[in-house]
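Asker: Got a predicted structure plus its sequence, pasted below:
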Amino acid sequence: MVEEAGLCGPESLHDNARMQATSRTLWFVRATTALVWALAAAGAVFWGLRLSAPAGGSTGTVGAPPGGAGATVDPVALARALGATPVAVAGTPVPALASRFSLQGVVAGGPGRGAALVVVDGKPARPVRVGTAIEPGLVLQSVGARSARFGREAQGEATLTLEMPPLPR
C-alpha cells in the first residue's frame, strides 16, 4: 500500500525541495569554514616561521652582507648624498664645473634681463636672475633661447655655458 502511494520508490527519495536547499547551504557553510580555518593555519605557520628565523637571515651572522665581501663605498659620493659640500683635498679629484650644473629652463627678457632655472649638485632646481651669483665666484651673465652663460663677474669673460637638454621628439 505504501508502494502504491509512491512513498517508497527511488523517485520519491528527494522530493522535499526545502531539504535539498538546506543540504546545499550546509555544504557551503562547511566549505567556507574549512577555507577560513586553512587561512588561519597558514597565517600561523607563516608568522611562526618568521618569528623563529635568526635575526641575521640564513647566514647566522648579524650585519654581514650576502656574498661575504662588503661593498666598497665612495666617501666623496656618500658625503655629497648626505648634503656635504665638496672640499678640495690633495689626491681627491674635484668634479668638473660643468658636471655640477644642469640648465632646466630659461626666461629671456632682453639684454641684461632674464633668469635661468639651474640644478646645482643634483639638488632641486632654483631660479637665478641675470647678475646674481649662483655660488661664490660664479655669476649668471646672460641667457639665450636655450642657454645660459656664467662667469666670475657680471661683465667679464664667460667661464661656463650651459645648454638645455634637447626637446623630446
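Answerer: Good, I have the coordinates. Everything numeric in this text was worked out from a predicted model, so none of it was measured.
Asker: Quickly run through the sheet partners of the helix or strand containing Pro127, with directions.
Answerer: Secondary structure assignment for Pro127, by DSSP states H and E: strand 126-129. Taking DSSP bridges as the criterion, strand 126-129 sits next to strand 114-120 (antiparallel) in its sheet.
Asker: and the very next helix or strand once past the strand holding Pro127, average pLDDT?
Answerer: Sequence-wise, the next helix or strand beyond strand 126-129 is strand 133-135, with elements assigned using DSSP H and E. Along strand 133-135, the predicted local confidence has a mean pLDDT of 87.
Asker: Over to stretch 79-87?
Answerer: The average pLDDT for stretch 79-87 rounds to 72.
Asker: Outline the domain layout of this protein.
Answerer: Using automatic domain parsing, the domain parsing of the chain gives 17-56, 95-163.
Asker: If you count neighbours, what's buried in the strand holding Pro127?
Answerer: Buried residues in strand 126-129, counting neighbours by 16 or more other Cβ atoms under 10 Å, are found at Val128. Yep, even glycine has a C-beta here, placed from its N, CA and C like the rest.
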